[in-house]
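Visitor: kindly return the folded structure for what I paste below:
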Amino acid sequence: MQFVRQGEFLTVARVTGITHNLLQIRFDSTECRLSCERLPPTGGCKHKPLDEEALVRCVLEGVAEANSELGTDYSVAEIRYVENDTPPEAAYRFMAMSIVRRLHLGGEFELPTKA
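Guide: Modelled structure (predicted):
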């Protein structure tokens with residue numbers, strides 16, 4: 001997995017075989033409304049679309065589990081994902097947990113490369 005910091009968003013990209021997923025999370029404990037943004041598709045991949053409601057639920061569950069494990073209190077304000085990424089939505093739970101763990105343990109988040 002690749003971890004990148006893009007402004008206020010922490011990003012994780014995961015590619016395993018034919019599956020590919022990108023998750024961006026912005027944490028903010030002062031906001032009370034969660035937003036989710038579907039980013040434009042990349043490439044020509046076509047398959048069953050992701051269930052946004054399930055994806056959001058999985059992200060929130062992953063952050064909550066990591067918070068419980070680490071004794072932290074990260075709160076998700078905004079989620080971004082790519083429209084034509086691959087199921088299952090449960091992958092986003094693992095990815096969200098990975099972001100919180102990496103952030104808490106002081107792991108590196110690369111800066112985006114310039115094209």
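Visitor: any idea how far stretch 75-92 is from the chain center?
Guide: 6 Å (C-alpha atoms, centre = their mean, to the nearest Å).
Visitor: now do the strands in the protein.
Guide: 2-6, 9-16, 19-27, 35-39, 76-82 (DSSP state E).
Visitor: output those strands in JSON lines; the columns should cover distance to Ile99.
Guide: (Glycine included, C-beta is placed from N, CA and C.) Listed next are the strands of the chain as JSON lines, based on distance: least, C-beta to C-beta, whole Å:
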{"stretch": "strand 2-6", "distance to Ile99": "7"}
{"stretch": "strand 9-16", "distance to Ile99": "5"}
{"stretch": "strand 19-27", "distance to Ile99": "6"}
{"stretch": "strand 35-39", "distance to Ile99": "15"}
{"stretch": "strand 76-82", "distance to Ile99": "10"}
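Visitor: now do stretch 62-79, average pLDDT.
Guide: When pLDDT is averaged along stretch 62-79, the result is 96.
Visitor: measure it end to end?
Guide: 13 Å (C-alpha to C-alpha, to the nearest Å).
Visitor: redo the strands of the chain as CSV? Include distance to Pro88 and mean neighbour count.
Guide: As requested, the strands of the chain are exported to CSV (distance: least, C-beta to C-beta, whole Å; neighbours: other C-beta atoms under 10 Å):
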stretch, distance to Pro88, mean neighbour count
strand 2-6, 20, 15
strand 9-16, 12, 17
strand 19-27, 9, 20
strand 35-39, 17, 13
strand 76-82, 13, 20
